[in-house]
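Q: got a predicted model here, sequence first, then my questions.
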Amino acid sequence: MKIKFIPQNIEVNVESSKNVLEISRELGFNIQSSCNGMCSCGDCRVFVKEGESNLPVPSNKELKLIGQGYYLDQRRLACQLYCFGNVVIDLSEQEERFSQGKISQQFLKKTQKKSAEEAYSKSDILIEDDEDIKKIKSKGMNNYDK
């Protein structure tokens, strides 16, 4: 299966085990994601130009972030898109945001975590894995709501 990214006009063969956010980052495209693909920020919204039928339907969690407007504009969260057929993804909006300076390379590098183990979220605030968190975890208090 293939994903074609526009306006870059790049087509790649993909594995179904990777989502569009992961694939686009491997290609060096600028897609914002302050939650690093954990489906909690909604920043990685992209336009599905073709092949919507080759994507899973939006989960309830995704719909809570993108709203019912999805049914009108076909925008989806790149972190939730696992393809099982050919798809065309339009990154124009993300590229425009990047070119206007709304996404900085430094921000992208800082927030690119490899797993949920590297970042924690409390009340939609991203907390990076730092020394204070490690101290709390080592005391066995890794559930902040207790």
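A: Good, I have the coordinates.

Q: in this structure, which spans are helices?
A: Assigned by DSSP state H, the helices in the chain fall at 20-26, 60-66, 70-73, 92-99, 105-111, 131-138.

Q: pick out the shakiest of these, pLDDT-wise.
A: Here the lowest mean pLDDT among the helices of the chain goes to helix 105-111, at a mean of 45.

Q: so Cys79 touches Leu21, yeah?
A: Yes - using CB atoms under 8 Å, Cys79 is in contact with Leu21, at 4.4 Å. Every C-beta, even on glycine, is put in place using the N, C-alpha and C of the backbone.

Q: for those two, indicate the residue with more neighbours.
A: Neighbour tally, Cys79 and Leu21, criterion other CB atoms under 10 Å: the higher count belongs to Cys79, 26 against 21.

Q: ok, now which ones touch the more buried one?
A: For Cys79, the contacting residues are 19-21, 33, 35, 37-39, 44, by CB atoms under 8 Å, 6 or more residues apart in numbering.

Q: could you redo the last one with a cut-off of 7 Å?
A: 19, 21, 33, 37, 39, 44 (CB atoms under 7 Å, 6 or more residues apart in numbering).
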